[in-house]
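Asker: got a structure for you, letters missing:
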Ligand SMILES: Cc1cc2nc3c(=O)[nH]c(=O)nc-3n(C[C@H](O)[C@H](O)[C@H](O)COP(=O)(O)O)c2cc1C
């Protein structure tokens, strides 16, 4: 079975926690290898057929700082043939006009470089104004809000990873 590479960035630890929960839900270390993008591991994305990209939105609609540093490197990479799922953490109350923008920015770039997105997620269960992560009314990946709805995180991860297992044929 193909191993999945999960690449995440996290400034205050919330996206890192979610990454570990997603790894566990998909079957642990044997199935999903975790990479903190702060370690400069982005080159290793080439080794996986399936990628999971995790990024919180910071600074009003911007990428988390480690992803910001890695972002220009993506242009030199080929994502064709790769299946890519996205998740992020954000604050739909405090940043309602920019909720989850970061995964939208990454998904747009990686799709332009050949990646095939899986793991679209309904936006109905959230209350926000605008997001760059919306595609035909759905988020381009899992949206988590630890600032306002941490009680929903476990269930959301459970449902999304079940969906991913189907989409990835795990
Ligand atoms: C200064 C600041 C700016 C933020 N900007 C946004 C934003 O534009 N959109 C959003 O959805 N969340 C925003 N957030 C909320 C963070 O994305 C959220 O707390 C996230 O879970 C942090 O993830 P991390 O702990 O993995 O770094 C912001 C938070 C702070 C403190």
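Answerer: Received the coordinates, thanks. This one's a predicted model, so the numbers in the text were calculated from it and none came from an experiment.
Asker: low pLDDT regions in this protein?
Answerer: For the chain, the stretches flagged by pLDDT under 70 are 1-2.
Asker: for it, what's the longest helix?
Answerer: Scanning the chain for the helix with the most residues, using DSSP state H, yields helix 153-168.
Asker: and that helix, what does it pack onto?
Answerer: If you count contacts as 3 or more Cβ pairs under 8 Å, 6 or more residues apart in numbering; DSSP states H and E, helix 153-168 packs onto helix 14-25, strand 83-89, strand 116-118, strand 142-144. In this view, the C-beta of every residue, glycine as well, is placed from N, C-alpha and C.
Asker: for the last one, packing partners?
Answerer: Meaning strand 142-144. Judged by 3+ Cβ pairs under 8 Å, 6+ apart, strand 142-144 is in contact with strand 83-89, helix 153-168.
Asker: what about the residue of the chain found nearest the ligand, how many neighbours?
Answerer: The chain approaches the ligand most closely through residue 90 (2.4 Å), counting by Cβ to the nearest ligand atom. Counted with other Cβ atoms under 10 Å, the neighbours of residue 90 add up to 30.
Asker: burial count for the closest residue to residue 144 other than its chain neighbours?
Answerer: Excluding its sequence neighbours, the residue lying closest to residue 144 (Cβ to Cβ, 6 or more residues apart in numbering) is residue 89, at 4.6 Å. If you count neighbours by other Cβ under 10 Å, residue 89 ends up with 30.
Asker: wait, doesn't residue 89 sit right on residue 146?
Answerer: Yes. Applying Cβ atoms under 8 Å, one finds residue 89 in contact with residue 146, separated by 5.4 Å.
Asker: what touches both of those two?
Answerer: Contact criterion Cβ atoms under 8 Å, 6 or more residues apart in numbering; residues shared by residue 89 and residue 146: 14, 18.
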